[in-house]
Every structure is written in C-alpha cells, then in structure tokens.
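J.: Build the 3D model from these lines:
(one chain, ligands or ions: 1)
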Amino acid sequence: MKGYLILLLAFVALAAADYEPFEDEDLSDVMEAEVEDDHIWRVPQFDGSFKMMTEQEAKDLTIVSEIIERIKNDPHFQNKRRKVRFFLHTQKNVMKWQEIDMDRPETLHRSNFNSSHPTRFFAHGWLSGMHQVQSYEIIDSHLMNGRKEDYNIFIVDWSCMSMTWNYYLARLRTRKAGLRTAEFIDWLHTEGGLKFDTTHVFGHSLGAHVAGFTGKQVTKGKLKTIVGLDPAMPFFRTKNPQNRLADTDAEYVETIQTNGRELGFYHPIGQAAFYPNGGLRQPGCGSDILGGCAHSRAPTFLAEAVARGTYNSFNTVKCKDWTEMRNKQCSGDSEGVRMGDPENYKKAKGVYYLVTEASVPFGVGEFYKK
Ligand SMILES: *[C@@H]1O[C@H](CO)[C@@H](O)[C@H](O)[C@H]1NC(C)=O
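T.: As a prediction, this is how the structure comes out:
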C-alpha cells in the first residue's frame, strides 16, 4: 500500500515537472521491471552496510529516487556516457590497454588482438569499473606468470551501469550490460575472427550475471566457458535461471562460491560449483562482518589458479551433492579436477569442496617463485 502511495506521489511530481518518463530508457527499465515475489533480501548499501527489503520496496525506492534526480536536472544524468567499453591487454601490451570500439572498426584492426590466441573477458561488479584490483589480477595472472602464453584479455567496463549507489538499479542493468557484451563478442567474431571455442567469460559478483546474460544473448556461437566468481545473490533466484547466471549459458559454466548466503550465492548454480573452505567465510578475512573480504576472494582464487598453471595446488574433494558439502562430509575422488583450471570443461561436474590457505591479491603471493 505504502509503495503505491509513493508511486502516486512520484507520478504527480513527474506531471508537475512535465517530464516524459518513458522516453528515458533507464527509467522505463525500472518501471517495467518484474517483481517476482515478496522475499525479503539482505541488500548491500553503498556504505558497506545492509538493509532488509523486498524487491517491490527496492523498485519503489528506485523509481522515486530516479525521478527526483531527473527533476533536479542533475547534470550527471544529462551527459552520462551510456556505453559499455572494452579494454584489451595482450602480451604486447600488458601494462597499457587498447580500447576496442565497435563503432570504430579501425580500433580493432590496429590493435594487438590476435584471433589465434585464446580470449578471456572479465566483467567487474557493483560500484566498480575497469581500474580495480580484480581487473589487474586477471590481466597479470594470464600475461605475467612466467609462462609467456598469449591471450586477448578484455576488461568489460560497464561502470556506466554499475556506478550507482543503488544496488537494485545495478542489478537490473546486468541484462543490458550482458547484451552489450554479447553484441561486442558477435562483432569480434565477424570482424576479427574471434573463436568461440577458446573464449571464456569471467565475472565477479553482479559481473557473474553480466557474464551469464552475455552467454544467453550471443547469437553467432556459444561461449566455451563462463566462470562465475561468487555470483551476487540479492534479487537473483535459484529457481529462475533465465534471470541469472545459469549452467546452460556456456558450454561449460563453473562457479567459485566464497561468501554464500550474504553477498554471493550459496546454492550451486554452475555445472561445477567450487566451495573454497565451505563457501561462506574465508581464512585471512578476520571477522569480515559484512562479507566483502570473502566475496572478493573468488577472483583472487581464479587468478591464483591461472598463475600457478600446472603448479595449481587447488586440489578438490568431490561431494555427492550440496547437502554433503554443507555438512562438510565430502570425501569423493575429484579425479584431478582443480578449481579454476581452464581445462575443466572436459571433466568437472557437480559440487566440489576444498580447503585453502588464506589467499592474497595477485602479486603479493608466493606462487611466482614456484
Ligand atoms: C598471431 O598469433 C600467431 C600464433 O602466436 C602468430 O603466429 C601470428 O604471427 C600472430 N599474428 C599477428 C598478426 O601478430
């Protein structure tokens, strides 16, 4: 009831401001967003705390605040560059990115993109952008690990959609960020000869769902692998795979779940789901009351796995199912399956448990020396 009252007030305010809401793509996305049920979520706030609210409450609050922003004519909304951007790193330009822009094909043709090399995409999470430790973990672990392998590493910068104080709004935009990424991948295939067969997409938190929506929306092939790094949980539902990262979004979908029930999913949502240290809390994170440390361990684990390569020590134990994992009773033979191994598409399936030491952001660890 309260929700309707707020909405009514918002529309009155809109009429007074002579504003046409449905010309605004962003606002119509929120207006038309489907509210699935009245589950109460633990919703992260921009200051690191949480608020408990239903999806309807989040939607109402968002509509009101978005309308207020527009009535205030906030310049932030007038010249917002609403474009998902793609930054390429290769062995030839480890430190300095090259931006590849679909609207300017010469940016591809003049770049170091090489379709003979495997391609990796990385999509960041909420309130993030290109310049953050997780991007560099992915770049460094692939290109600076001493093995001299070459890759096309694309950082997906969807900060134009993720940089909002409102988690719900960023969550809503993951589908569109995925669409833009899918269009880019299709274009890279046509224009640059990208091979789907060697293309893996990684995403952290909300970015894991961006990766999923990318896989759902590519039209020229099927992604080989998606790795969901602690896929965000608030406002995503296990029972609705069309609306989140799902196990069919690529030929092989793996998840590394490190902060279940809080910021991340606890339920296994990949063809193979890895639960370092049980998937709720992580060593080295202290009390980690808000879960942010454990949540950001997932990309670090992937980077470590890639950097270690054949020295990868992330041995796992196979669980019969999720229940056995939760009861810490797994004892199955994992048959050589290792968390984060790029060859996992050949063999990994089901739920895996592993015990690890405290993992540290890439570059600080000891594994270079091995
Ligand atoms: C692309 O990579 C292949 C294999 O590493 C190499 O032989 C070829 O010269 C590269 N092409 C360009 C244009 O650099």
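J.: which parts of this protein sit against the ligand?
T.: When proximity is defined by CB under 6 Å from any ligand atom, the chain lies next to the ligand at 114, 116-117, 150. For the C-beta atoms, the positions are set from N, CA and C on the backbone; glycine is no exception.
J.: What segments of the stretch 1-150 of the chain are strands?
T.: 40-44, 50-54, 85-90, 93-100, 119-123 (DSSP state E, counting those that start in this stretch).
J.: so what's the residue most central in space within the chain closest to, chain neighbours aside?
T.: Nearest to the mean C-alpha position of the chain, counting by CA atoms, centre = their mean, stands Gly207 at 1.7 Å. Among residues not flanking Gly207 along the chain, Ala123 sits closest, at 3.5 Å (CB to CB, 6 or more residues apart in numbering).
J.: measure the one you found to Phe213 for me?
T.: The gap separating Ala123 from Phe213 is 10 Å, by CB to CB, to the nearest Å.
J.: Quick check: neighbours shared by these two?
T.: 177, 181 (CB atoms under 8 Å, 6 or more residues apart in numbering).
J.: So for those two, which residue has more residues nearby?
T.: Using other CB atoms under 10 Å as the criterion, Ala123 and Phe213 rank with Ala123 on top: 33 against 26.
J.: Could you say which helix or strand holds whichever residue of the stretch 201-350 of the chain sits closest to the ligand?
T.: Distances between the stretch 201-350 of the chain and the ligand by CB to the nearest ligand atom are smallest at Pro342, namely 17.1 Å. Using DSSP states H and E, Pro342 maps to neither a helix nor a strand.
J.: Just give the closest residue to it, not the sequence neighbours.
T.: Nearest non-adjacent residue to Pro342 (CB to CB, 6+ apart): His200, at 6.8 Å.
J.: Show me the longest helix that occurs in the chain.
T.: Using DSSP state H, we find that the single longest helix of the chain is helix 174-192.
J.: That one: which residues count as buried?
T.: Within helix 174-192, the residues scored as buried using 16 or more other CB atoms under 10 Å are 174-189, 192.
J.: Counting by contacts, list what it packs against.
T.: Judged by 3 or more CB pairs under 8 Å, 6 or more residues apart in numbering; DSSP states H and E, helix 174-192 is in contact with helix 106-109, strand 119-123, helix 159-162, helix 206-217.
J.: quick check: angle from the second one to helix 206-217?
T.: Meaning strand 119-123. 130 degrees (axes from the mean of the first three to the mean of the last three CA atoms, to 10 degrees).
J.: All the helices of this structure, residue numbers only.
T.: Counting by DSSP H, the helices of the chain are 2-16, 25-31, 55-71, 75-78, 106-109, 133-143, 159-162, 167-172, 174-192, 206-217, 292-308, 322-326.
J.: So which of these is the most surrounded?
T.: helix 206-217 (a mean of 29; mean count of other CB atoms under 10 Å).
J.: to the chain's geometric centre, what's the distance from that helix?
T.: 7 Å (CA atoms, centre = their mean, to the nearest Å).
J.: cool, and stretch 251-266?
T.: 10 Å.
J.: Tell me the span between the first and last residue of that stretch.
T.: Using CA to CA, to the nearest Å, one end of stretch 251-266 lies 22 Å from the other.
J.: which parts of that stretch are buried?
T.: For stretch 251-266, by 16+ other CB under 10 Å, it's 251-260, 262-266.
J.: and the least confident of those residues?
T.: On pLDDT alone, Glu262 ranks lowest of those, at 91.
J.: Correct me if wrong: that residue contacts Arg42.
T.: Yes. With contact defined as CB atoms under 8 Å, Glu262 reaches Arg42; the gap is 6.9 Å.
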